[in-house]
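Colleague: Turn this into a model:
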Amino acid sequence: MARRASGFGGVGWRFGVSSAAIGAALFALPAHAETLNEALARAYQSNPQLNATRAQQRATDENVPQALAGYRPQIVASLSAGLQPVRNLLPDNTIQTATLKPWTIGVTVTQNLFNGFKTTNSVRVAEFQVLSGREALRNTGQGVLLDAVTAYMNVIANRALVETQRGNVAFLRETLGITKKRLDAGDVTPTDTAQADARLSRGLADLNAAEVALETSRAIYAQVIGDAPGNLAAAQTVDRFVPRSRQEAIDTSIRENPAVIAATYDVDVATTTISVAESSLLPQVNVQGNVNRAADSDPNLGTKRADQASVVGALTLPIYDGGTAASQTRQAKETAVQSRLVLEQVRNQARTAAISAWISSEGTKVALAAAEAEVKSANIALQGVRREAQAGQRTTIDVLNSQQDLTAARSRQILAQRDRVIASYTLLSAIGRLDVKTLGLNTPDYLPEVHYHQVRDAWHGVRTPTGR
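Modeller: Residues are numbered from 1 along each chain as shown. Prediction:
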């Protein structure tokens, strides 16, 4: 005959309410809570990794004015001065001595007229590098925003898991207390007490693990977003921004994924670099103007001062340089082949990422629906076991098992809710649309072309546009 488990009814009912309350807390909007979009905006502005990549892109912008310098004249001023003792033996065998103080000042202007189209192609290479860098920056931005979403959702989920485990521990403590009283009354055996005690120990260990995971997620949140998490609001998916079919997601990814676009520009860089290398095999034409004044520089002591001015044109035709230019040209061609193969590889990776993100997003929908149904059924089962225990048809272990099933189901539901949101943002990132404009974040968008136009035609000055 089964032993009665009277006293479990109230405890089971209280845990059922606690579980439902946790679920409501996960999705409800708390008062004065920080939203996911606000957290993403802060990460977009302050994340060190993203800001470092922006600085790197600004440095890449400087390649363009450096290449454009090949079109401009090179001006060099020179000044020299010193002492020069002179002792001359004249035809009549007399000796003439003097100590000169020669000095020379001059300005030389050199203008390249033709260098085998090296400057033209170097400018094109620099501009392609800028375009590739912008896509790399956009890719980094997507990664940072996705990391921020993951950190945000992990904090929310881990807080809910801690509350779930606390409710479980409270239930197990009360169950153990009731079982001990029933043991004293002779209604149950020591086995029941040991089972309840063991489950409480497991519950405390699970609570500790959940609290450790929460603290870890809080630290990661602060690292990615910039500040420790406060009161966080529930987050919604971004399904409204993603394609409606898997094929559309694949096509969009190949067309808009920043990694693919960056690799495309890298092919342009490598192809144009071939022409830069070939320029060393072509003739060069320069014109040079020189103006200088020299005083006390004649060791014959016949000229006090000399002023000179000249304009000279020079044609240089390379004959043989030991094979350096030819080797550099062959090297550039192989690099171009490599860049095309890398582009194909990146396209395949983007295609795979889009398929994986699409499947994961669809899978999380099924997992969440199943988890919600499991929680509902597990809660009903716990209530049924409680009533049966009151009628003497269930034992202590039956109630503990039912409680454990509900706790596990609730944990799976929390994780499924987290995964559902993260998966939708992952899909948005895979197709190349996880950005400030698409999400409508309340923060200015970083526009790398602003700095590019500030420095592109700068002829002089060592200060950056920000004044550094």
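Colleague: How far does stretch 290-298 sit from its chain's centre?
Modeller: On the basis of Cα atoms, centre = their mean, to the nearest Å, stretch 290-298 sits 60 Å off its chain's mean C-alpha point.
Colleague: Run through the stretch 51-200 of the chain and note the low-pLDDT ranges.
Modeller: For the stretch 51-200 of the chain, no stretch is flagged by pLDDT under 70.
Colleague: where along this structure do the strands fall?
Modeller: 74-81, 84-89, 95-100, 103-114, 284-295, 305-316 (DSSP state E).
Colleague: any idea of the angle the last one forms with strand 103-114?
Modeller: Read it as strand 305-316. Interaxial angle of strand 305-316 relative to strand 103-114 (axes from the mean of the first three to the mean of the last three Cα atoms, to 10 degrees): 20 degrees.
Colleague: Go through strand 305-316 and flag the buried ones.
Modeller: By neighbour count on 16 or more other Cβ atoms under 10 Å, the buried set for strand 305-316 is empty. No exception for glycine: its C-beta is placed from N, CA and C like everyone else's.
Colleague: Quick check: can you name the pairing partners of that strand and their directions?
Modeller: Here strand 305-316 is paired, per DSSP bridges, with strand 284-295 (antiparallel).
Colleague: from the chain's centre, how far out does the strand it pairs with sit?
Modeller: Per Cα atoms, centre = their mean, the centroid offset for strand 284-295 relative to its chain is 51 Å.
Colleague: and if you look at stretch 230-239?
Modeller: With Cα atoms, centre = their mean, you get 21 Å for stretch 230-239.
Colleague: ditto for stretch 114-126
Modeller: Relative to its chain's centre, stretch 114-126 lies at 32 Å (Cα atoms, centre = their mean).
Colleague: For it, buried residues please.
Modeller: Asn115, Gly116, Lys118, Thr119, Thr120, Asn121, Ser122, Val123, Arg124, Val125, Ala126.
Colleague: wait, isn't the first one in contact with Gln284?
Modeller: Yes: judged on Cβ atoms under 8 Å, Asn115 makes contact with Gln284 at a distance of 4.8 Å.
Colleague: all helices for the chain, in order.
Modeller: 8-27, 36-46, 48-61, 63-68, 118-184, 190-225, 246-256, 258-278, 324-390, 396-430, 436-439, 448-455 (DSSP state H).
Colleague: what would these look like in CSV with distance to Arg463?
Modeller: As requested, those are arranged in CSV below (distance: least, Cβ to Cβ, whole Å):
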stretch, distance to Arg463
helix 8-27, 51
helix 36-46, 24
helix 48-61, 13
helix 63-68, 14
helix 118-184, 21
helix 190-225, 32
helix 246-256, 36
helix 258-278, 29
helix 324-390, 35
helix 396-430, 37
helix 436-439, 29
helix 448-455, 11
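Colleague: Would you tell me which one of the ones you listed is buried the most?
Modeller: helix 396-430 (a mean of 23; mean count of other Cβ atoms under 10 Å).
Colleague: and the spatially most central residue of the chain, what does it touch?
Modeller: Residue closest to the mean C-alpha point of the chain, counted by Cα atoms, centre = their mean, is Thr140 at 3.0 Å. Thr140 makes contacts with Gln49, Leu50, Thr53, as judged by Cβ atoms under 8 Å, 6 or more residues apart in numbering.
Colleague: Relative to Ile397, which of these is nearest.
Modeller: Ile397 lies nearest to Gln49 out of the contacts of Thr140, by Cβ to Cβ, at 51.3 Å.
Colleague: hang on, isn't the closest one packed against Val144?
Modeller: Yes: between Gln49 and Val144 a contact is recorded at 6.1 Å, counting by Cβ under 8 Å.
Colleague: So what's the residue count around Leu301?
Modeller: By the criterion of other Cβ atoms under 10 Å, Leu301 has 13 neighbours.
Colleague: For the closest residue to Ile274 other than its chain neighbours, give me its contacts.
Modeller: Among residues not flanking Ile274 along the chain, Ala332 sits closest, at 4.3 Å (Cβ to Cβ, 6 or more residues apart in numbering). Listed by Cβ under 8 Å, 6+ apart, the contact set of Ala332 reads Ala270, Thr273, Ile274, Val276, Ala277.
Colleague: The same query, at a cut-off of 6 Å, please.
Modeller: If a contact means Cβ atoms under 6 Å, 6 or more residues apart in numbering, then Ala332 has Thr273, Ile274, Ala277 as its contacts.
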